[in-house]
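1. Generate a structure from the sequence data that follows.
(one chain, ligands or ions: 1)
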Amino acid sequence: MIQRHQCPICNHAAIPIFARPYALPELGAMIAASGLGGKLDGCDYEVRACTACELHFQTWVMSDDELEHWYSPPRDDDSFMQEIGSQKLHWFAHQTEEILVLRQVCGARTPRVLDFGCNLGKWASMALAHGCEVYGVDVNHDAARFCAGRGIQMVSLEEARSLRFDFINVDQVVEHLSAPLEITRALAGCLKPGGLIKLSTPHNPALPIKLRASGHDDNRVLEAGTLDALLPLMHVNLFTPDSLRTLASGAGLREFRQPFLTWLGAGQMWNLPRQLNRNLTVPFKRWRGRGTYLWFESGNRPKAES
Ligand SMILES: [Zn+2]
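-> Sure, this is the predicted structure:
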């Protein structure tokens, strides 16, 4: 286990805003699958607030080996296929929409893309179907083998450094990382000049307020649904839009303003009421950089081909 006292994205001081011992049964149930055994004896589920940026983060986090163990439960291909098949169609629509945007924004005819933390390769497979040259990184060995069998070129982060990408997808990943700045810097170094990286995370500005408001004897907040955005040992960093910008800026990246009309045109499944509403609101959110879904660019970006 690793203890983080300073902010892991801007290195400023951070103050604890909430702490409960992992010995509490409510917390023990949430980390039962971690396999960490006695390593958490005497440790607290402690959340800190950075005094300089808006990041909230857990003090105790896993080392690389512990994290790899947690995210590598043995799975077979049938269970992966069942999970993909059970995905709602609008989820596929969102992947298609995003990849249609990136295909129009990236100048390359066959964009080289990396899905960092690709899991079962759902996004990566979609990018493959839309004409991209697709690479993936994942700590889960069975998932990596499954993805490789579906045509995704699986590499380590070290191997990815020798490649240069037009686009890197980092979807719901940085909130899991013990060292988010170091990893984001490494990924920024894998981009072509002008290449793009997407960073998206859960967004829950109300949770730190609830944690601060919990009295010492009040453990009602210790419920997996309530704590989700700071789930013990899993979601160890809770970003706001501005702290996501702080992370990217620390990695030498600039925010990229996503094109409104391109997002509007890429919307899918307008026949579903939830999609109709989403397709009309998301382009504006993307263009304004609202929420914890942001794109960043590296260096001077060449003009896209029409
Ligand atoms: Zn900070």
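2. Just want the residue of the stretch 201-306 of the chain that's nearest the ion.
-> Closest contact between the stretch 201-306 of the chain and the ion, by C-beta to the ion, is at T246 (6.2 Å). For glycine as for every other residue, the C-beta is placed from the backbone atoms N, C-alpha and C.
3. For the closest residue to that residue other than its chain neighbours, grab the count of nearby residues.
-> By the measure of C-beta to C-beta, 6 or more residues apart in numbering, the closest residue to T246 outside its immediate chain neighbours is C53, 4.3 Å from it. Residue neighbour count, defined by other C-beta atoms under 10 Å, stands at 22 for C53.
4. On the three-state scheme, C53 is what?
-> coil (DSSP: H, G, I helix; E, B strand; the rest coil).
5. in the stretch 1-150 of the chain, which spans are helices?
-> 25-30, 64-70, 77-85, 89-105, 122-129, 141-149 (DSSP state H, counting those that start in this stretch).
6. Against which helices or strands is the helix or strand just after the last one packed?
-> The one in question is helix 141-149. Next along the chain after helix 141-149, taking DSSP states H and E as the criterion, comes strand 153-154. Here strand 153-154 is seen to pack against strand 133-137, helix 141-149 when contacts are counted using 3 or more C-beta pairs under 8 Å, 6 or more residues apart in numbering; DSSP states H and E.
7. quick one: least confident helix or strand in the chain?
-> helix 64-70 (a mean of 86; mean pLDDT, DSSP states H and E).
8. May I have that helix as CSV, with CA atoms only?
-> As requested, the backbone C-alpha atoms of helix 64-70 are provided in CSV (Å, rounded to 0.1, in the frame of the first residue of the first chain):
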residue,chain,number,x,y,z
ASP,A,64,1.2,-1.3,-9.1
ASP,A,65,1.3,-5.0,-8.2
GLU,A,66,-1.7,-4.7,-5.9
LEU,A,67,-3.6,-2.8,-8.5
GLU,A,68,-2.8,-5.4,-11.2
HIS,A,69,-4.0,-8.2,-8.9
TRP,A,70,-7.3,-6.4,-8.1
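9. Centre of the chain to it, how far?
-> With C-alpha atoms, centre = their mean, to the nearest Å as the basis, helix 64-70 stands 17 Å off its chain's centre.
10. on that earlier part again, what's the host helix or strand of the residue of the stretch 201-306 of the chain closest to the ion packed up against?
-> When elements are defined using DSSP H and E, T246 is found to belong to helix 241-250. Packing contacts for helix 241-250, counted by 3+ C-beta pairs under 8 Å, 6+ apart, involve helix 180-188, strand 191-200, strand 254-256, strand 293-297.
11. Repeat the analysis, applying 7 Å as the threshold.
-> Helices and strands touching helix 241-250, by 3 or more C-beta pairs under 7 Å, 6 or more residues apart in numbering; DSSP states H and E, are helix 180-188, strand 293-297.
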